[in-house]
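Enquirer: Pasting a predicted model and its sequence here:
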Amino acid sequence: MLKQISQKKSVWLALKISMTLGSLAWCIHLVDYNKVQQLIRNADHQVLIWLLPLVVLHTVNGALRFKVLLDPHFPLGFIQHVRQYFIANYFNLILPSSIGGDAVRIFMLGRKGLAKSKAATYIFSERLMGLYSLILIAVSAGFTVTLHDDVAVLAATLVGLSLLSLGVIYLLMHVSRGIEQYHVVSVREAIKDLWAHKQRLVSAISLSLLYQLLTIGFTVLVALAFRVEVSLLLMLALVPLVWLVTFLPISIGGVGVREISFIGLFSQAGMHSEQALLLSLGTYAGMMLAGAIGGVWALRDSFRFQAEAG
């Protein structure tokens, strides 16, 4: 049994690597790198300095959102939440999964005394809030801009699938018989807990919307730096779709799929492939910056643990 599971994981990892490499190869085919170099030379590099404070604000906002979700059940210092968020960003970059950082957060919360099942439950709830916040932003902005038919179909499909998952969550809140053997009862209880405390729920949703707007802010800042003329409303409509596609576990950390999504969606809006690629890479640079800060924090903790063990 364990051997079969291991084989399935190996096959799935091989498929993700193939998708990553294939997507990157397609990017190379689509893009004229002479034009990319020209865009980089003509960029306003001073604007990119603002990535650092934006990354810090983004991470602090995410930490505050999770503190609001978790605080009544497990009060933890705000700085500890920020630290865990930065370290999770680091592991999201180096592990072959976009949720690798979530597993690390569960481990760190467990070391602080929180049951891992409860930690996983609230991290999952946080992920759901992020997902629906992206959809709300994309749909709200989508009504104000004209989208290509292919983009509209993709948007409708992603929204439809997300609404379907929302229906499943609704069922989990009202069905209990026969599901105790699965790990969904705690999820249902967490959702009921949030629903029973409206002020906490509204605060968490508001912070989640701000978190996703700050995520889109990375791309807006990069567009300003590389002098890419694109409307803010179009950014609000398309960037969430990129992230919704990237959430699909079909590549290593979303690499390749994210770049293809930027190029595919924004080229439909009249943007050159080279400009769309730089938007993707610049946005990823913001994520790498957050990961670098988390890596320094993780390295510091590692040295401290070794000193304590010695």
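Expert: Great, that's in hand.
Enquirer: Can you tell me the SS state at A138?
Expert: Using DSSP: H, G, I helix; E, B strand; the rest coil as the criterion, the local structure at A138 reads helix.
Enquirer: from now on call the first residue 116
Expert: Okay, using 116 as the starting number, the last item reads as A253.
Enquirer: pretty sure it contacts L348?
Expert: No - between A253 and L348 no contact is recorded; they are 11.0 Å apart, counting by Cβ atoms under 8 Å. (C-beta placed from N, C-alpha, C; glycine too.)
Enquirer: Compare neighbour counts for those two and give me the winner.
Expert: The residue with more neighbours, out of A253 and L348 and counting by other Cβ atoms under 10 Å, is A253; that gives 23 against 14.
Enquirer: From V260, how far off is that one?
Expert: Using Cβ to Cβ, to the nearest Å, one gets 11 Å for the distance from A253 to V260.
Enquirer: what touches both of those two?
Expert: Jointly contacting A253 and V260 under the rule Cβ atoms under 8 Å, 6 or more residues apart in numbering are A352.
Enquirer: tally of neighbours for Q314?
Expert: The tally of other residues near Q314 (other Cβ under 10 Å) stands at 8.
Enquirer: how far out from the middle of the chain is the helix or strand containing it?
Expert: Secondary-structure assignment from DSSP states H and E places Q314 in helix 313-340. With Cα atoms, centre = their mean, to the nearest Å as the basis, helix 313-340 stands 11 Å off its chain's centre.
Enquirer: From the contact counts, what lies against that helix?
Expert: For helix 313-340, the packing partners by 3 or more Cβ pairs under 8 Å, 6 or more residues apart in numbering; DSSP states H and E come out as helix 166-185, helix 231-257, helix 300-311, helix 347-361, helix 388-424.
Enquirer: rerun at 6 Å
Expert: In this structure, helix 313-340 packs against helix 166-185, helix 231-257, helix 347-361, helix 388-424, with contacts taken as 3 or more Cβ pairs under 6 Å, 6 or more residues apart in numbering; DSSP states H and E.
Enquirer: can you tell which of the ones you listed is closest to G216?
Expert: Using Cβ to Cβ as the criterion, the shortest distance between G216 and the helices and strands packed on helix 313-340 is 8.3 Å, found for helix 388-424.
Enquirer: And that closest one, what's buried?
Expert: Neighbour-count burial for helix 388-424, counted by 16 or more other Cβ atoms under 10 Å, picks out 388-406, 408-410, 412-413.
Enquirer: Stretch 247-261 too?
Expert: 247-253, 256-257.
Enquirer: and of these, the nearest to A311?
Expert: Y247 (18.9 Å).
Enquirer: Contact partners for the closest residue to F377 other than its chain neighbours?
Expert: On the basis of Cβ to Cβ, 6 or more residues apart in numbering, the spatially nearest residue to F377 that is not a chain neighbour turns out to be S395, at 3.9 Å. Applying Cβ atoms under 6 Å, 6 or more residues apart in numbering, one finds that S395 lies in contact with 373-374, 377.
Enquirer: Would you reformat these as a markdown table and include neighbour count?
Expert: Shown next, in a markdown table, are those (neighbours: other Cβ atoms under 10 Å):
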| residue | neighbour count |
| --- | --- |
| R373 | 21 |
| E374 | 27 |
| F377 | 29 |
